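Asks: here is my input, please return the structure:
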Amino acid sequence: QITANTFYDVMQLFYAIFFWVFLFGIANEMHLFEKLTSFLYPLFHFLFKLNRQETAIYITCIFAGYPTYAKIIDCANLSLKSKRKLMAFCSHPSIGFTIYTLGINLFNDIKIGYFIFMIQVLTNMLIAFFYRKEYDEQPILDDPKPFLNTVRSGMKQTFEVFIYIFGFMLVFRIFASMLHITHPFVLGLFEFSAGTLKLTSHQLLLSNFLIAFSSLSVICQSVSLCHFIVSL
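Replies: The predicted structure follows:
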């Protein structure tokens, strides 16, 4: 039953964000975000000491959500120091989950969904400010791959993301069941979506905490997608 429920939840997630994960991967491979976010570079360099590529990746991660952000950082042509810096503050919840699932389905108010999302973005920007002293020079970008190779690589990366999502969601939901955990807050520490969706509509503070923490499941998903961390 746990496996069936988890598979159902992942498939709902698949239909909701598969296209966006794939699109972000393609755009990142083709260095499109560097061009689209170039106007933000002066501000982000001043506030957070990010170079142009780091700025593009940071903006991308805000909208891509976790654990996709980890895959984007892992595939970026950046130094190990720069990747570890970005991992510290690029962990944002999916904008679709936050605004639609929580805002509309849980709190019955889309404005609350936007409010939660902005809280997550602003708090991570505060963390980014504390990491502003670590700065790497602008890396040399690789030439874009042929388009068909880029599409094939994007599809492979997208399915890899969802395999890890399903695997760790299932593992931590089984752990929670074995330990007979039913309280939404404790359950959310194991797997945030299962916990947050069990909260009542007035528990706004707890939902913000669980989303910011992201749960042990998402932390494991993100680390597993970062080969530069696993190989250390």
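Asks: show the pLDDT at the residue lying closest to residue 38 once chain neighbours are set aside.
Replies: Of all residues not flanking residue 38 in the chain, residue 52 sits nearest, at 6.7 Å (Cβ to Cβ, 6 or more residues apart in numbering). All C-beta spots, glycine's among them, are computed from the backbone N, C-alpha and C. We have a pLDDT of 84 for residue 52.
Asks: any idea how far residue 52 is from residue 33?
Replies: 10 Å (Cβ to Cβ, to the nearest Å).
Asks: now swap in residue 53 and tell me
Replies: 8 Å.
Asks: what's the answer for residue 80, then?
Replies: In this view, residue 80 and residue 33 are 21 Å apart by Cβ to Cβ.
Asks: what about the two, which has more around it?
Replies: Neighbours were counted for residue 80 and for residue 33 using other Cβ atoms under 10 Å; residue 33 has more, 20 against 12.
Asks: give the closest residue to that one in space, chain neighbours not counted.
Replies: Closest residue to residue 33 apart from its sequence neighbours, by Cβ to Cβ, 6+ apart: residue 56 at 3.7 Å.
Asks: okay, now the unreliable bits of this protein?
Replies: Applying pLDDT under 70 to the chain picks out residues 12, 15-18, 20, 24-25, 28-29, 134-145, 147, 201-202, 228-232.
Asks: where is the longest helix in it?
Replies: Criterion DSSP state H: the longest helix present in the chain is helix 147-178.
Asks: run the chain-centre distance for that one.
Replies: Between the centre of helix 147-178 and the centre of its chain there are 13 Å (Cα atoms, centre = their mean, to the nearest Å).
Asks: repeat that for stretch 32-50.
Replies: Offset of stretch 32-50 from its chain centre (Cα atoms, centre = their mean): 19 Å.
Asks: that older thread, which other helices and strands contact the longest helix of the chain?
Replies: Here helix 147-178 touches helix 2-29, helix 68-75, helix 184-190, helix 192-196, helix 215-225, going by 3 or more Cβ pairs under 8 Å, 6 or more residues apart in numbering; DSSP states H and E.
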